[in-house]
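Trainee: okay, predicted coordinates and the sequence, questions at the end:
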Amino acid sequence: MILRNVIPRPASVATGAGELRVSEEAVLRLGTALSDGMIAEYKGLWNRFSLRMAELTVVSDDTLDANCAVLNAVGNVCPALRDEDEYALSVTAEGAFMRGADKTGLWHALLTLLQLIVPVRTEGGFEGALPEVEIHDHPAIRGMRAIHLCVFPETTLILLEKAIRLAGLMKFTHVVLEFWASLKYDVMPELSWPDQAYAKDELRPLVKLIHDLGMEPIPMLNHLGHASQSRCCYGKHVVLDQNPARALLFEPDGWTWCLSNPDTLKLLRAMRRELIELCGEGHYFHLGCDESYSYATCPLCAAKDGRAMLAGYLNGLAEELGREGRRPIIWGDQLLDATAWPRPNMASSQPNQRTHEVLPQLDKRIVIADWQYDITEPHAPTAEHFMKAGFDTLLCPWDGHRNNEALGAAADQIGAFGFLATTWDHLPDYLREIAKVAGSCWNGAAYKRYACTQTETATLLRKAMPNLPEYHNAGWMGREVLEFDRPLRGGHDR
């Protein structure tokens with residue numbers, strides 16, 4: 001049976017004829033004490049899902065097993081876990097009982113409990129009704145289920161908060177934060193646009209929110225291509241437009257960092273430290289490294305063995321991050337031979353670079369994020385190529401329905417390390433897709449049976465976010481009528 005009001009859809013659902021009513025009192029007893037921040041966030045979610053029908057009291061109860069929770073019941077008999085369960089949840093007229101395989105499983109059970117609440121009218125107003133149900137649930141993709149959020153100078157903090165809150169409610173595990181010249185670094189002022197960047201203290205509440213919603217933030221900094229921190233189609237370069245004297249940090253066209261310059265390596269190390277400090281505890285760092293079209297083109301780099309230099313660089317980063325308890329993540333396109341992997345595969349290693357030849361030399365601690373945006377069938381040969389070479393691999397779609405569905409199913413079928421949804425410059429409109437993407441990576445090959453609608457996503461957004469009465473902040477777009485400039489003669493600037 002499918003519970004239409006629970007997204008992502010649970011793996012196993014059995015319903016009965018009864019229900020649990022909650023009106024004036026709601027007491028949640030926890031066996032494992034969640035952080036104060038998580039409890040505060042859960043109380044806020046409870047109020048929005050329940051329409052404040054009853055204030056939630058959360059208490060720690062050491063008579064419960066560690067990863068159990070009970071709502072409005074005296075007993076401690078929580079459902080037993082089946083072999084694959086991440087969590088189990090049982091609702092009867094006597095109360096709601098939850099058990100997680102670990103703390104994360106318990107948190108996800110609590111999130112599911114919220115979505116079971118249905119307000120019903122009574123003579124005195126309304127109260128909450130939860131159906132009699134037993135749920136046994138686990139994600140198809142048990143590893144990383146992440147979403148990649150780009151912070152452009154135009155990206156508002158409230159937009160980021162919406163995305164983070166929806167991702168947390170949809171049981172994502174990680175949030176990748178990539179700043180496109182929008183973070184004020186201490187090490188060099190030219191790394192951000194002075195009038196369009198955020199101070200760290202403005203971003204810390206969002207980082208805390210990621211932690212408090214049971215997810216891990218992953219800092220990201222491009223360490224090879226995209227060194228301009230701007231999209232190439234608009235011709236900006238955050239450093240060189242402000243200070244051309246910094247040109248030697250980059251290859252001649254400014255697109256790629258120069259690995260022969262020790263000042264470049266020193267700068268990137270300082271930037272990594274600042275990002276790690278901002279994001280707090282974690283196990284990963286995303287190094288980018290995609291679309292490095294001008295790699296090794298300056299006189300110093302061109303005189304070296306480019307493949308040996310790249311392998312040494314990436315392995316050195318893996319070693320340095322490993323000492324801090326982190327694993328590097330890199331995009332996979334430069335490790336795919338463009339002549340061997342034609343379209344629709346995304347492969348960027350060109351005959352004059354042959355960067356794909358470094359793959360066997362790379363440290364196996366490196367996680368490869370295989371972005372494939374034109375794949376629309378549940379088959380991921382490039383990901384299988386990386387996995388056969390011994391690397392943990394993430395399947396990474398963009399914003400197409402069929403692309404997300406196909407890679408979610410493929411990640412499930414091949415047992416990939418995880419799934420990384422990318423949003424790039426489409427984040428405002430992408431908000432309406434987050435619940436569907438969550439279904440892709442939670443339900444895997446069964447995604448089609450569990451798809452949700454835009455109106456369901458809008459309902460979830462209203463409950464995930466605190467009250468947003470302003471027109472321009474409601475929903476996922478600031479306006480309902482969008483005006484576009486006419487394209488230049490000859491086509492669009494992409």
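Mentor: Yes, it's here.

Trainee: Leu206 reaches Leu159, doesn't it?
Mentor: No: contact criterion Cβ atoms under 8 Å: Leu206 and Leu159 do not qualify, at 10.6 Å. The way it works is simple: take the backbone N, C-alpha and C, and place the C-beta from them, glycine included.

Trainee: what average pLDDT does stretch 116-132 get?
Mentor: Stretch 116-132 comes out with an average pLDDT of 85.

Trainee: so which bits of that stretch are buried?
Mentor: The neighbour-count check on stretch 116-132 (16 or more other Cβ atoms under 10 Å) flags Leu116, Ile117, Glu127, Gly128, Ala129, Leu130, Pro131 as buried.

Trainee: could you do stretch 82-90 as well?
Mentor: Going by 16+ other Cβ under 10 Å, stretch 82-90 has these buried residues: Asp85, Glu86, Tyr87, Ala88, Leu89, Ser90.

Trainee: which helix or strand contains the spatially most central residue of the chain?
Mentor: In the chain, the centroid-proximal residue (Cα atoms, centre = their mean) is Ile147; its distance is 2.0 Å. Using DSSP states H and E, Ile147 sits in strand 144-151.

Trainee: identify the farthest-apart pair in the buried residues of stretch 82-90.
Mentor: Glu86 and Ser90 (15.1 Å; Cβ to Cβ).

Trainee: returning to what we had before: just confirm the residue nearest to the centre of the chain contacts Leu427, I think it does.
Mentor: No: contact criterion Cβ under 8 Å: Ile147 and Leu427 do not qualify, at 9.8 Å.

Trainee: what touches both of those two?
Mentor: Ala163 (Cβ atoms under 8 Å, 6 or more residues apart in numbering).

Trainee: helix or strand next in line after the lowest-mean-pLDDT helix or strand in the chain, which one?
Mentor: One helix or strand of the chain scores below all others by mean pLDDT, DSSP states H and E: strand 118-122, with a mean of 83. Downstream of strand 118-122, the first helix or strand assigned by DSSP H and E is strand 125-137.

Trainee: then that next one to CSV, C-alphas only?
Mentor: Taking Å, rounded to 0.1, in the frame of the first residue of the first chain, the C-alpha atoms of strand 125-137 are listed here in CSV:
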residue,chain,number,x,y,z
GLY,A,125,-12.1,23.0,16.7
PHE,A,126,-9.8,20.3,15.4
GLU,A,127,-7.3,17.7,16.5
GLY,A,128,-4.8,15.5,14.9
ALA,A,129,-5.5,12.0,13.6
LEU,A,130,-2.7,9.5,12.8
PRO,A,131,-3.8,6.3,11.0
GLU,A,132,-3.2,2.9,12.5
VAL,A,133,-0.2,1.8,10.5
GLU,A,134,3.0,-0.2,10.7
ILE,A,135,5.9,1.1,8.5
HIS,A,136,9.2,-0.7,7.8
ASP,A,137,11.4,1.6,5.7
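
Trainee: starting at the chain centroid, how far to that strand?
Mentor: In terms of Cα atoms, centre = their mean, to the nearest Å, the centre of strand 125-137 is found 29 Å from the chain centre.

Trainee: my guess is Gly225 contacts Tyr295. True?
Mentor: Yes: contact criterion Cβ under 8 Å: Gly225 and Tyr295 qualify, at 7.3 Å.

Trainee: show me where the stretch 251-400 of the chain has strands.
Mentor: Ranges of strands in the stretch 251-400 of the chain, per DSSP state E, counting those that start in this stretch, are 284-286, 327-331, 367-371, 393-396.

Trainee: so for the first one, mean pLDDT?
Mentor: Averaged over strand 284-286, pLDDT sits at 98.

Trainee: which neighbouring elements make contact with it?
Mentor: strand 174-179, strand 216-220, helix 262-279, strand 327-331 (3 or more Cβ pairs under 8 Å, 6 or more residues apart in numbering; DSSP states H and E).

Trainee: got phi/psi on the residue of the chain most remote from its centre?
Mentor: Most distant from the centre of the chain: Glu123, at 43.8 Å, with distances by Cα atoms, centre = their mean. For Glu123, the backbone dihedrals (degrees, to the nearest 10) come out as phi -60, psi -30.

Trainee: Arg231 too?
Mentor: The phi/psi pair for Arg231 (degrees, to the nearest 10) reads phi -70, psi 130.

Trainee: same deal with the one 10 residues further on?
Mentor: Dihedral angles phi and psi of Asp241 (degrees, to the nearest 10) take the values phi -70, psi -30.

Trainee: next, the contact list for Ala380, please.
Mentor: Asp370, Gln372, Leu395, Leu407, Ala410, Ala411, Ile414, Ala416.
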